[in-house]
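> can you look at this prediction? I've put the sequence above it.
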Amino acid sequence: DSGVTQTPKHLITATGQRVTLRCSPRSGDLSVYWYQQSLDQGLQFLIQYYNGEERAKGNILERFSAQQFPDLHSELNLSSLELGDSALYFCASSVHGETSGGTGELFFGEGSRLTVL
Amino acid sequence: AQKVTQAQTEISVVEKEDVTLDCVYETRDTTYYLFWYKQPPSGELVFLIRRNSFDEQNEISGRYSWNFQKSTSSFNFTITASQVVDSAVYFCALLLGGSQGNLIFGKGTKLSVKP
């Protein structure tokens, strides 16, 4: 158990819909990262927040947005869903803003599996 | 461009065999970090190791060992005396120095260990 909690574990929805994925980082971790794992693209970095502020952006679509709240939990919002958005979405956390700090490891949650029909 | 290549898509071995998972990376940066993660059938990603570009010392942790060679841009992972519980997808990843969490993952190698 990494200590990172993601909900829901599974989600099935229809094209055009909007969903919100939630992540609670490990206690004490200030950074939250979102990754997408799909069959086509593999594991891709989407976005990072550090202590409530956006710190880095990866291959995140404009239809997607995220935020980190004062209690440090994070939400990833996916809108106007398309079939290609079906994927496993991981949240990870770390103490530092850069993974090169400290032990350099990210602690990943178990993922939220999104299926768009 | 930065890239991680795991040429072995799938490997199947019999329990107690040794197995090496290959990882080749590309970057022009002099400061970078390399990682291995394990993804068991349950789906979560489990951190195994991190090395920085200035530390080419090989590492051994129980049945696991890692061989980092900058000359060949490789960071290979060997499991000695494999066990059924080692069955998983293994990912090699690259992080550039100063980068903010943008791990660049390889496509992964699926290891199946048969009893």
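Nice, thanks for sending it over.

> what's the burial count for A:Ser80?
By other Cβ atoms under 10 Å in any protein chain shown, the residues close to A:Ser80 number 13. Placement of C-beta: from N, CA and C, glycine included.

> quick check, it in contact with A:Ala14.
No - using Cβ atoms under 8 Å, A:Ser80 is not in contact with A:Ala14; the gap is 11.3 Å.

> quick one: residues contacting the closest residue to chain B within chain A.
Closest approach between chain A and chain B, counting by Cβ to the nearest Cβ: A:Ala56, at 3.4 Å. Contact analysis of A:Ala56 by Cβ atoms under 8 Å, 6 or more residues apart in numbering or on different chains lists A:Phe45, A:Ile47, A:Gln48, B:Ser99, B:Gln100, B:Gly101, B:Asn102.

> state the pair within those that is farthest apart.
The span of the contacts of A:Ala56, defined through Cβ to Cβ, is set by A:Ile47 and B:Ser99 at 13.4 Å.

> of the two, who's got more company?
Between A:Ile47 and B:Ser99, A:Ile47 has the larger neighbour count (other Cβ under 10 Å), namely 25 against 21.

> could you find the closest non-adjacent residue to the residue nearest in space to the middle of chain A?
With distances taken as Cα atoms, centre = their mean, A:Trp34 lies nearest the centre of chain A, 2.7 Å away. Once flanking residues are discounted, A:Trp34 sits nearest to A:Leu46: 4.2 Å by Cβ to Cβ, 6 or more residues apart in numbering or on different chains.

> surely B:Lys38 touches B:Ala88?
Yes - at 4.9 Å, B:Lys38 and B:Ala88 qualify as touching, with contact defined as Cβ under 8 Å.

> joint contacts of A:Ser80 and A:Ala14?
By Cβ under 8 Å, 6+ apart, no residue touches both A:Ser80 and A:Ala14.

> which bits of chain B sit near chain A?
Proximity of chain B to chain A, by Cβ under 8 Å from any Cβ of the partner chain, involves residues B:33, B:35, B:37, B:42-47, B:50, B:52, B:91, B:93, B:95, B:97-108.

> does any part of the strand or helix carrying A:Ala92 sit near chain B?
According to DSSP states H and E, A:Ala92 maps onto strand A:87-94. Yes - using Cβ under 8 Å from any Cβ, strand A:87-94 reaches chain B at A:Leu88, A:Phe90, A:Ala92, A:Ser94.

> next: stretch A:21-31.
Yes - counting by Cβ under 8 Å from any Cβ, chain B is contacted by stretch A:21-31 at A:Ser31.

> can you give me the buried ones in that stretch?
For stretch A:21-31, the neighbour count (16 or more other Cβ atoms under 10 Å in any protein chain shown) marks A:Leu21, A:Cys23, A:Ser24, A:Pro25, A:Arg26, A:Asp29, A:Leu30, A:Ser31 as buried.
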